[in-house]
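> Provided below for reference: sequence and predicted model.
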Amino acid sequence: KRKRSPQRAPPGSLGLPLIGQSLGLLRAMRSNTAEEWLRKRIRKYGPISKMRLFGKPAVFIYGQAANKFVFASDSSNIVNQQVKSVSSILGDRCILELTGEDHKRVRDALVSFLKPESLKQYVGKMDEEVRNHLEMHWHGKQQVTVLPLMKTLTFNIICSLLFGVERGTRRDKLANDFRYMIEGMWSVPVNLPFTRYNRSLQASARAQKLLKVLIGEKRVDLEKGASPRQDLITCLLSIRNEKDEQVISEKEIIHNVMLIMVAGYDTSSVLLTFLLRLFANYPTIYAAVLQEQDEIARRKPNGELLTWEDLAKMKYTWKVAMETLRMFPPIFGGFRKVVKDIEYGGYFIPKDWLIFWVTGITQMDDTIFPEPSKFNPSRFENPASLPPYCFIPFGGGPRICPGYEFARIETLVSIHYLITRFTWNLLCSDNSFSRDPMPVPTKGLPVQISPRKLP
Ligand code: HEM
């Protein structure tokens, strides 16, 4: 066995300048073999290896200790760093790009809106959005394609709750721009006409322009006495320091609103889609969730809105959602940047290199989750008993997803109405999916639907 010297670079090759292994990884993601692509590397190079992704040298690491290193290290060693495509599309003042005090200031502001005590008051509003959506897109139909509809639903929920943008041309324009922005999020950053990256940059510029106008309008509303809690933008505009200065700049509001939009709607729509597919494939789990939801629906004979207390009763449904996030995590992984030369696992990692972490490899590790390919919600009977940094669909540490509660509420409210009001059969028996970079089930999951009455 060769002795590892701290000056030894991790094994692997950096490949071609700029492109490196990006295309290989993206190709594997699109054919749903990315975890296998990474496992092959692990067999060849061991648990730590280098590659070049999206223009930068990166070191891939995985497992409990590696995840702890990524999520819990302090910013004197590693900082959050998105690949170039993400930072130029979302903007350099979004919290993914901020560190230290700046990150804390902006994150605290976002959390003041996203924390459970504050979101409690919006359960009814989410309920209305879900019912409206079903009325418009599900009732009277025999066949629907789930993924695009779930994207529409979660986009509308976020637009109305966080940005107070009502239905209409403006919402449609934003929805379109965000779709293009997301498509280029993980792409080789070549800004030539007709590249995905270029199309995303243009969409980002249009969205920023529209958001600037929207912020101007909200500012006027606030001056006229509007409630600072009516939506996220108004809430961010109204946070002031002791000198009565705005704490979050206009640029920070724009960049973070774009991040929340992207982080919030694309992820939750994937979770909802995979839940619907799962219910169709696992009759026992479907029956147990249906029973839990029917009981809640029966206590509302006159169609009253769901409440915070109702959500607390949806315990089994949320366990099923967590097991879905373990097996089909919407976020494939992410990046950090090494801010000084460091040694990790016996290898030397130079300043400015990226660390690449991946959700699925740890979540499908049979030493942590026995029989990992078996769908088993009882793993989440007591989430506190899970080893730390092993269930990471929402990340971990100081950057853990602040939208967890938002995602939980919208998922539970949406599943409640979908499962109690409709039944569905899959129209496509192929149960695979591709990643682009979010998981996309075959053909977007077409289903045949029928309306359902409470038994
Ligand atoms: C099922 C749904 C969701 C999943 C799986 C998810 C996953 C994640 C993950 C893995 C991270 C951490 C990335 C890292 O450490 O590099 C993250 C961060 C983040 N998420 Fe979520 N997310 C979801 C829903 C949401 C929602 C609904 C919102 C907002 C309403 C949101 C807002 C954010 C923000 C702002 C960050 C950055 C936090 C920071 O850097 O401090 N997410 N999310």
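Everything's here; your move.
> Give me the distance between the most centrally placed residue in the chain and Tyr404.
Among the residues of the chain, Thr267 comes closest to the average C-alpha position under CA atoms, centre = their mean, at 3.5 Å. Distance, Thr267 to Tyr404, by CB to CB, to the nearest Å: 11 Å. Using the backbone N, CA and C atoms, a C-beta is placed for each residue, glycine as well.
> Can you name the residue of the stretch 301-450 of the chain nearest the ligand?
In the stretch 301-450 of the chain, the residue that lies nearest the ligand is Gly403 (2.0 Å; CB to the nearest ligand atom).
> OK, contacts around that residue?
Leu114, Ile260, Ala263, Gly264, Thr267 (CB atoms under 8 Å, 6 or more residues apart in numbering).
> And for Ser31, the neighbour number?
For Ser31, the count of nearby residues is 12 (other CB atoms under 10 Å).
> Pretty sure it sits against Asp436.
No - Ser31 is beyond contact range of Asp436, at 10.8 Å (criterion: CB atoms under 8 Å).
> hmm, back to that, could you check how far the residue of the stretch 301-450 of the chain closest to the ligand is from Pro388?
Distance, Gly403 to Pro388, by CB to CB: 21 Å.
> circling back to that earlier point, would you mind measuring from the residue nearest to the centre of the chain to Asn241?
Separation of Thr267 from Asn241 (CB to CB): 32 Å.
> Repeat that for Pro441.
From Pro441 over to Asn241 (counting by CB to CB), the distance is 47 Å.
> Which one's more surrounded, these two?
For the pair Pro441 and Asn241, the greater number of neighbours falls to Pro441 (24 against 9), based on other CB under 10 Å.
> Need the pLDDT of that one.
Pro441 carries a pLDDT score of 95 in this model.
> what's it in contact with, if anything?
Residues in contact with Pro441 (CB under 8 Å, 6+ apart) are Val146, Leu147, Thr273, Phe274, Arg277, Cys428, Asn431, Ser432, Phe433.
> go with 6 Å
Phe433 (CB atoms under 6 Å, 6 or more residues apart in numbering).
> Name whatever forms a beta bridge with it.
Phe433 (DSSP bridges).
> that's a helix at Phe348, yeah?
No - read with DSSP: H, G, I helix; E, B strand; the rest coil, Phe348 is strand and lies in no helix.
> mind checking pLDDT for it?
We note a pLDDT of 95 for Phe348 in this prediction.
> Excluding residues flanking it in the chain, which one is nearest it?
Leaving aside its sequence neighbours, Phe348 sits nearest to Gln7 (CB to CB, 6 or more residues apart in numbering; 5.0 Å).
> so that neighbour touches Gly346, yeah?
No - between Gln7 and Gly346 there is no contact under CB atoms under 6 Å: 10.5 Å.
> Those two: who's more crowded?
Taking other CB under 10 Å, Gln7 and Gly346 do not tie; Gly346 has more neighbours (12 against 9).
> any idea how far the residue in the stretch 101-250 of the chain that the ligand sits nearest to is from Gln121?
Closest residue of the stretch 101-250 of the chain to the ligand, CB to the nearest ligand atom: Arg107 (4.9 Å). Arg107 is 21 Å from Gln121, where distance means CB to CB.
> out of the two, which sits in the more crowded spot?
Arg107 (17 against 10).
> still on that earlier bit, give the other helices and strands that the host helix or strand of the residue nearest to the centre of the chain contacts.
Using DSSP states H and E, Thr267 falls within helix 250-281. With contacts taken as 3 or more CB pairs under 6 Å, 6 or more residues apart in numbering; DSSP states H and E, helix 250-281 sits against helix 146-163, helix 169-183, helix 196-223, helix 404-421.
> and of those, who's closest to Glu35?
Set against Glu35 and scored by CB to CB, the helices and strands packed on helix 250-281 come closest in helix 146-163, at 20.7 Å.
> which residues are contacting that closest one?
Helix 146-163 has contacts (CB under 6 Å, 6+ apart) with 122, 126, 129, 133, 137, 165, 171, 175, 231-233, 264-265, 268-269, 272-273, 276, 410, 444-445, 447.
> Give the buried residues for it.
Residues of helix 146-163 classed as buried: 146-147, 149-163 (neighbour count, 16 or more other CB atoms under 10 Å).
> returning to that earlier point: restrict the contacts of Gly403 to those near the ligand?
Leu114, Ile260, Ala263, Gly264, Thr267 (CB under 6 Å from any ligand atom).
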